[in-house]
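In: Quick one, fold the following:
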Amino acid sequence: MVDTGASATVVDSNLKGLKDMPQPEDVQSYALSEEMLQTRFCLVDKFYVGDVLFPKTFMAALDLSGLQNMYKRFTKIKISGLLGGDFLSMSGAVIDYKKQTLSFVPVPPLSVDEIMGTYDDLKGMDEF
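Out: A predicted model of the protein is given here:
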């Protein structure tokens, strides 16, 4: 799911295969309901948006079961994450609202140093 109002990309913490990163102390996120959500950081080896493959990506992991349950009532689509502004800008995403399409500029794989640099930038933040 694309969430242009979200600053950070989030993956469902219940997915298998997530690699936990060293965690900053007491990091929490806020939803529209202003409910505090426990957040952890992880590395996703690869993931697809449609048929476009993305390599290693650093993401916040949240329990999205509430969101998934809400959407189950209206659609058969399973939500595994939210693509936020960080990912959309980094990937060169282009949203064409008229055509209802999302396209991407090819993204080179991130090195471990680049991934950890992103983590170091985020770990000092109180909110993610």
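In: for the chain, what spans make up the helices?
Out: Along the chain, the stretches classed as helices by DSSP state H are 65-72, 85-90, 112-123.
In: Sort out which residues of the shortest one are buried, please.
Out: Going back to what we said before, that points to helix 85-90. Buried residues in helix 85-90, defined by neighbour count with 16 or more other C-beta atoms under 10 Å: Asp86, Phe87, Leu88. Quick note: C-beta positions are derived from backbone N, CA and C, even for glycine.
In: Mind listing residues that contact it?
Out: Contact with helix 85-90 is made by Val2, Thr4, Ala6, Ser7, Ala8, Thr9, Thr57, Ala93, Ile95, Val107, as judged by C-beta atoms under 8 Å, 6 or more residues apart in numbering.
In: among the residues you listed, which are in strands?
Out: Residues of those located in strands (DSSP state E): Thr57, Ile95.
In: ok so, going back, out of the buried residues of helix 85-90, which one sits closest to Lys19?
Out: Phe87 (17.4 Å; C-beta to C-beta).
In: Can you give me the pLDDT of that closest one?
Out: At Phe87, the model reports a pLDDT of 87.
In: Buried subset of the contacts of helix 85-90, written for PyMOL?
Out: Selection of buried members from those for PyMOL, criterion 16+ other C-beta under 10 Å:
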select buried, resi 6+8+9+57+93+107
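In: just the buried residues of helix 85-90 now: which is nearest Asn69?
Out: Taking C-beta to C-beta as the measure, Asn69 lies nearest Phe87 of those, at 24.0 Å.
In: so how far is Ala8 from the closest one?
Out: Separation of Phe87 from Ala8 (C-beta to C-beta, to the nearest Å) stands at 8 Å.
In: any chance of the buried residues of helix 85-90 in JSON lines, plus distance to Lys46?
Out: Output for those, formatted as JSON lines (distance: C-beta to C-beta, whole Å):
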{"residue": "Asp86", "distance to Lys46": "18"}
{"residue": "Phe87", "distance to Lys46": "14"}
{"residue": "Leu88", "distance to Lys46": "18"}
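In: Relative to Lys98, how far out is Leu82?
Out: Leu82 sits 23 Å away from Lys98, going by C-beta to C-beta.
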